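**Q** build me a model:
(one chain, ligands or ions: 1)
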Amino acid sequence: MARTRRPLIAGNWKMNGVKADALALARDVAAGVKASAWSDRELLVCPPATLVAAVAEAAKGSGLLVGGQNCHAKASGAHTGDVSAEMLKDAGATHVIVGHSERRADCGETDAIVKAKAEAAWRAGLLPIVCIGETLAEREAGKTLEVLETQLEGSVPAGATAANLVVAYEPVWAIGTGKTPTVAEVAAAHAHIRKVLGGLTGEAAGVRLLYGGSVKGSNAAELLAAGDVDGALVGGASLVAAEFLAIAKAA
Ligand SMILES: O=C[C@H](O)COP(=O)(O)O
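**A** A predicted model of the protein is given here:
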């Protein structure tokens, strides 16, 4: 059966690379995207904020999309060191990741802050990728679905639709560890996310849900085939063009 939701394979480069590395990686990924001429899937890379403009320039004309890894909730003002969604848009971004667990942990981002950032993305004309996910302790306590529900209810703004929201499920314990949930566990989490989204948006069936956490070329096919999985949010493996493109091919 044909997919109704176009898969999105997003690479989160995190705090890695300087301009020379980023441009080489972006050019290799962009060349792969251009050569594949995919119309049935989208590829996105999210470089560090300082490199968004250069990567967007390198990706121009290839079909490769570029996003930010975070934004401030305000459009401008006295927020030293922060970057607004408008600035990302101006630099060539089309998407922005909000509420990644590393920002929730490192910067104390709450669900309310994540929601405000998702609204900021809308204000600037960016598509937010709202991240949620349980810690190992929460999973071991049998609280995974409850945690996901609380995070969704707190982080997804009113007015979310299939066109203006992407959700990424990233179990915190699977990020950068080489460990992943089973396919059945991913499918169960995604089914629950879609059910909860049903109460928050009128269009839950169309919202794309990405899985993230130790996705690589060798496990992408089975993870991406899990029920209700519409793509991946990839960290480490997105720093190697061939590996990232292999994940995209598996979608
Ligand atoms: O945003 C991406 C995730 O944190 C996954 O990272 P990873 O693929 O290195 O586990």
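
**Q** C-alpha from now on. contacts and neighbour counts both.
**A** OK.

**Q** ok, which stretches of the stretch 1-150 of the chain are helices?
**A** Along the stretch 1-150 of the chain, counting by DSSP state H, counting those that start in this stretch, helices occupy 19-36, 52-59, 85-91, 101-106, 111-124, 136-140, 144-155.

**Q** spell out which residues of the stretch 51-200 of the chain are next to the ligand.
**A** For the stretch 51-200 of the chain, the residues in contact with the ligand (CA under 6 Å from any ligand atom) are Ala174, Ile175, Gly176.

**Q** switch the cut-off to 5 Å
**A** Counting by CA under 5 Å from any ligand atom, the residues of the stretch 51-200 of the chain lying close to the ligand are Ile175, Gly176.

**Q** where in the stretch 51-200 of the chain is pLDDT low?
**A** Along the stretch 51-200 of the chain, segments meeting pLDDT under 70 are nowhere present.

**Q** residue contacts, Glu170?
**A** By CA atoms under 8 Å, 6 or more residues apart in numbering, Glu170 lies in contact with Ser101, Cys131, Ile132, Gly133, Glu134, Tyr211, Gly212, Gly213.

**Q** which residues in the stretch 101-250 of the chain form strands?
**A** With DSSP state E, counting those that start in this stretch as the criterion, the stretch 101-250 of the chain has strands at 127-132, 166-169, 208-212, 231-234.

**Q** redo those as CSV? Include distance to Val114 and mean neighbour count.
**A** Compiled in CSV, the strands of the stretch 101-250 of the chain are given as follows (distance: least, CA to CA, whole Å; neighbours: other CA atoms under 10 Å):
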stretch, distance to Val114, mean neighbour count
strand 127-132, 8, 27
strand 166-169, 12, 25
strand 208-212, 17, 27
strand 231-234, 17, 28
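
**Q** let me have the ones you listed in CSV, extended by distance to Met87.
**A** Output for the strands of the stretch 101-250 of the chain, formatted as CSV (distance: least, CA to CA, whole Å):
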stretch, distance to Met87
strand 127-132, 14
strand 166-169, 20
strand 208-212, 25
strand 231-234, 23
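
**Q** for Val29, which of those is the nearest?
**A** strand 231-234 (13.7 Å; CA to CA).
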